[in-house]
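1. structure for this input, please:
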Amino acid sequence: MPHLHASRCLQKHTSNSSYLLAADEDEAAAAAAAAAAAAAAAAAAAEEAACGSAGKVLLVCKTQAHGDVKLRLRRTDPLSKLFAVFQRHAESKGWSTMGSELRFDFDGDRLSGSETPASLDAEDEDAIDVVFL
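-> Numbering: from 1, shown residues only. This next block holds a predicted model:
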């Protein structure tokens, strides 16, 4: 009988070990996932910081009828790039038709498209007013 008892203890012990191994593997997988998420968050934060300091600015195109559209642009790019992207966006949303005219204003001054965010001293979240003509 003692032998039978020992084999039952061994089965229980072996069974518990497999649970412990599975728990250790789950903890290791969770730790690896957490580390990967932390690394991804750090990389995203570094990229965001680099974008801000590397010369990109987030501009808000404000319309009276359709709300705000946020677009990111390099500080050295001409605003004509932003105008073209906004125009395509407005056409895709049905706000305007192809070739319709838009007017862009910054701090009350009409923009021609040759300006850059740097030349306007634009900062993140600065507004560009868009008027559909």
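
2. next, count neighbours for residue 31.
-> Using other CB atoms under 10 Å, residue 31 is surrounded by 10 other residues. To be clear about C-beta, it is placed using only N, CA and C from the backbone, and glycine gets the same treatment.

3. read off the pLDDT value for it.
-> The score at residue 31 is 76. That number is its pLDDT.

4. name the SS class of it, please.
-> Following DSSP: H, G, I helix; E, B strand; the rest coil, residue 31 is assigned to helix.

5. helices of this structure, residue ranges please.
-> 2-53, 79-93 (DSSP state H).

6. which one of the ones you listed has the lowest average pLDDT?
-> helix 2-53 (a mean of 58).

7. walk me through the domains of this structure.
-> In terms of domains, the chain is parsed into 1-53, 56-132 (source: automatic domain parsing).

8. next one: residue 61, what pLDDT does it get?
-> For residue 61, the pLDDT comes out at 97.

9. surely it and residue 79 touch.
-> No: using CB atoms under 8 Å, residue 61 is not in contact with residue 79, being 10.5 Å away.

10. could you name every residue contacting both of those two?
-> Common neighbours of residue 61 and residue 79, using CB atoms under 8 Å, 6 or more residues apart in numbering, are 104, 128.

11. tell me, how many residues neighbour residue 94?
-> Count around residue 94 with other CB under 10 Å applied: 8.

12. try residue 96
-> For residue 96, the neighbour count with other CB under 10 Å is 20.
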